[in-house]
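Got a sequence here, can you model it:
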Amino acid sequence: MDDNNITTCGALEAVLFAVGEAVEISRLAEAIGVDKQEVLNAYEELAKKYDENGHGIRILRLDDKLQLCTRNDYYDILIKLVNIPKKHVLTDVLLETLSIVAYKQPVTRLEIEQIRGVSCQHAVNKLIEYNLITEVGRLDAPGKPILFGTTDDFLRSFGISSMDELPVVSSDKIEDFRRQAMEEASLTIET
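This next block holds a predicted model:
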């Protein structure tokens, strides 16, 4: 940086505040005129500062991006001032569909339906509406089906920085799920 009055922390804070959305770390480094590690050091310093002093804002890392945002504790106060919609309620169907997308992405609607065993058009549309999943491409197959993946809002909503932080499902648990599904599939309805 050329100007002695400009710090990396101050520049990072100013850029993220002005942009208002997640920005790639490499783009931040280029704009500020420092290397990526210096941006990450500034991020850690700001995150610590905001957490220690009870600020109303926080800085988030979302995979390879950073974002400045309001701390969740102040959401109820904020909605009194601006017309922000309440957080969406995720039903079991939406959570199940979302977890399939999160763990299998990129994934087509047909693949989701094969896993769930039922149509998921409504669930996929709702998750897109809630900006938790999005189109990430097209499968190179007949009809070019849409591939879905999670969004930055998904990471923010579940309080994780990257998909690497998703809980790992053990092979024992997967076997339990498979056995339960087989038992459910073999049930008969008596009339």
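
quick one: Ala42 from Thr70, how far?
The gap separating Ala42 from Thr70 is 20 Å, by Cβ to Cβ, to the nearest Å. Where C-beta positions appear, they are placed from N, C-alpha and C, glycine not excepted.

quick check: longest helix of the chain.
helix 36-52 (DSSP state H).

Show me what the helix or strand just after that one is packed up against.
Where DSSP states H and E defines the elements, the next helix or strand beyond helix 36-52 is strand 57-62. Using 3 or more Cβ pairs under 8 Å, 6 or more residues apart in numbering; DSSP states H and E, the elements in contact with strand 57-62 are helix 36-52, strand 65-70, helix 152-157.

which strands and helices sit next to the first one?
Of the remaining helices and strands, those touching helix 36-52 by 3+ Cβ pairs under 8 Å, 6+ apart are helix 8-19, helix 25-32, strand 57-62.

Report the distance from that helix to the chain centre.
20 Å (Cα atoms, centre = their mean, to the nearest Å).

ok, residues contacting it?
Outside helix 36-52, the residues that touch it by Cβ atoms under 8 Å, 6 or more residues apart in numbering are 7-9, 11-13, 25-26, 28-29, 32, 55, 57-59, 61, 66, 71.

how near is Asp35 to Glu24?
14 Å.

rewinding a little: and the angle from the longest helix of the chain to helix 8-19?
Relative orientation of helix 36-52 versus helix 8-19 (axes from the mean of the first three to the mean of the last three Cα atoms, to 10 degrees): 80 degrees.

buried stuff in helix 36-52?
Buried residues in helix 36-52, counted by 16 or more other Cβ atoms under 10 Å: 38-40, 42-43, 46, 50.

One more: stretch 109-119?
Result for stretch 109-119 [16+ other Cβ under 10 Å]: buried residues 109, 111-113, 115.
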